[in-house]
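S.K.: test case, fold it:
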Amino acid sequence: MRFFLAACLLIPAATQAQDVDASDILFLKVQELEGEISALRSELEVQAYLIDKLLNENEGSSLPNTQVNEEASIPDNTFRFEGINDSQSIDEVYDQGISALNNKNFVDAKKAFGYLASNFNDDEKIPLSLFWLGEISLLESNLEESEGFFQNLAVNHPGHWRTPLAHKKMGDILMMSDEAEAAKIKYQFVVQTYPSNAASSLALQLLENME
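M.R.: Just a heads-up that it's a prediction; the model follows:
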């Protein structure tokens with residue numbers, strides 16, 4: 001009987017010890033996760049600083065137009081930092097490109113969009129960067145370079161909402177290159193493939209003007 005009573009008294013104590021041990025483990029795990037989150041936040045801040053520094057250095061250097069065009073044509077990962085693909089950095093670089101574009105600073109805009117397209121992966125900002133690179137090159141009358149950017153967008157991002165307009169722009173470039181028949185085929189492709197898109201209406205109007 002005494003043994004039974006002693007066992008009953010020991011059970012709550014053992015249960016309490018287990019609860020204490022579990023709470024201690026949970027507390028240590030929380031501390032460990034907080035440390036990891038803090039380390040990741042610091043790493044992202046460092047990476048964002050490196051990107052901003054690199055862009056500022058590029059903006060401060062005077063380059064001939066031919067070299068600028070080579071940079072804008074998206075080289076094969078000339079400078080890629082391992083692990084840099086956070087959304088904050090992508091947004092910052094893209095916003096710099098848009099700001100330069102709005103100020104008609106096409107050189108800096110091409111640098112930002114070209115750097116973004118070469119060094120990041122993003123289903124929205126990379127296709128948009130390619131589109132703006134194509135538009136800027138078109139404004140500069142660099143038809144071959146412009147077509148390359150639009151082609152890159154259409155081939156590598158076929159589902160993006162800017163892809164129909166990229167195809168139409170390629171038709172425009174063919175027209176500017178005095179290749180009316182090829183342009184007509186491209187416009188017909190846009191009308192047939194993207195009937196509900198605004199690019200289709202533009203292409204259809206151009207086809208009617210060609211009749």
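S.K.: low-scoring stretches of the protein, by residue?
M.R.: The chain contains residues with pLDDT under 70 at 1-85.
S.K.: residue boundaries of the helices in the protein?
M.R.: Per DSSP state H, the chain carries helices over the ranges 2-60, 65-72, 87-102, 106-119, 125-139, 143-156, 163-176, 180-193, 198-210.
S.K.: ok, and the closest non-adjacent residue to K125?
M.R.: Y94 (4.8 Å; Cβ to Cβ, 6 or more residues apart in numbering). From N, CA and C alone the C-beta is placed, and that goes for glycine too.
S.K.: surely the one you found and E124 touch.
M.R.: No. If you go by Cβ atoms under 8 Å, Y94 and E124 don't touch, sitting 9.1 Å apart.
S.K.: neighbour-wise, which of those two wins?
M.R.: The neighbour comparison of Y94 against E124 (other Cβ atoms under 10 Å) goes to Y94, with 21 against 13.
S.K.: how about that one, what does it touch?
M.R.: Y94 makes contact with A112, F113, L116, K125, L128, S129, according to Cβ atoms under 8 Å, 6 or more residues apart in numbering.
S.K.: I'd say the last one and G97 touch.
M.R.: Meaning S129. Yes. Under the criterion of Cβ under 8 Å, S129 lies in contact with G97, with a separation of 6.8 Å.
S.K.: shared neighbours of the two, which are they?
M.R.: Counting by Cβ under 8 Å, 6+ apart, the shared contacts of S129 and G97 are F113, L116.
S.K.: which of the contacts of Y94 are buried?
M.R.: For those, a burial check counting by 16 or more other Cβ atoms under 10 Å picks out A112, F113, L116, K125, L128, S129.
S.K.: how much space separates the fourth one from L202?
M.R.: According to Cβ to Cβ, to the nearest Å, K125 stands 24 Å off from L202.
S.K.: then the first one?
M.R.: A112 sits at a distance of 28 Å from L202 (criterion: Cβ to Cβ).
S.K.: what's the answer for the third one, then?
M.R.: With distances taken as Cβ to Cβ, L116 is found 27 Å from L202.
S.K.: wouldn't G97 be in contact with F106 here?
M.R.: No. In this structure G97 lies outside contact range of F106 using Cβ under 8 Å: 10.4 Å.
S.K.: give me the more crowded residue out of the two.
M.R.: Comparing G97 with F106 by other Cβ under 10 Å, the one with more neighbours is G97, at 28 against 18.
S.K.: now that one: how far from F149?
M.R.: 13 Å.
S.K.: and V107, by the same measure?
M.R.: Per Cβ to Cβ, V107 is found 16 Å from F149.
S.K.: who has more neighbours, these two?
M.R.: In this view V107 and F149 are compared by other Cβ under 10 Å, and F149 has more residues nearby, 29 against 16.
S.K.: find the nearest non-adjacent residue to that one, please.
M.R.: Using Cβ to Cβ, 6+ apart and skipping residues adjacent in sequence, the residue nearest F149 is G134, 3.6 Å away.
S.K.: same question, D108
M.R.: In this structure, D108 finds its nearest non-sequential neighbour in A100, 4.0 Å apart by Cβ to Cβ, 6+ apart.
S.K.: who are the neighbours in contact with that neighbour?
M.R.: Here A100 is in contact with F106, V107, D108, A109, A112 (Cβ under 8 Å, 6+ apart).
S.K.: I'm done for today, thanks for sticking with me.
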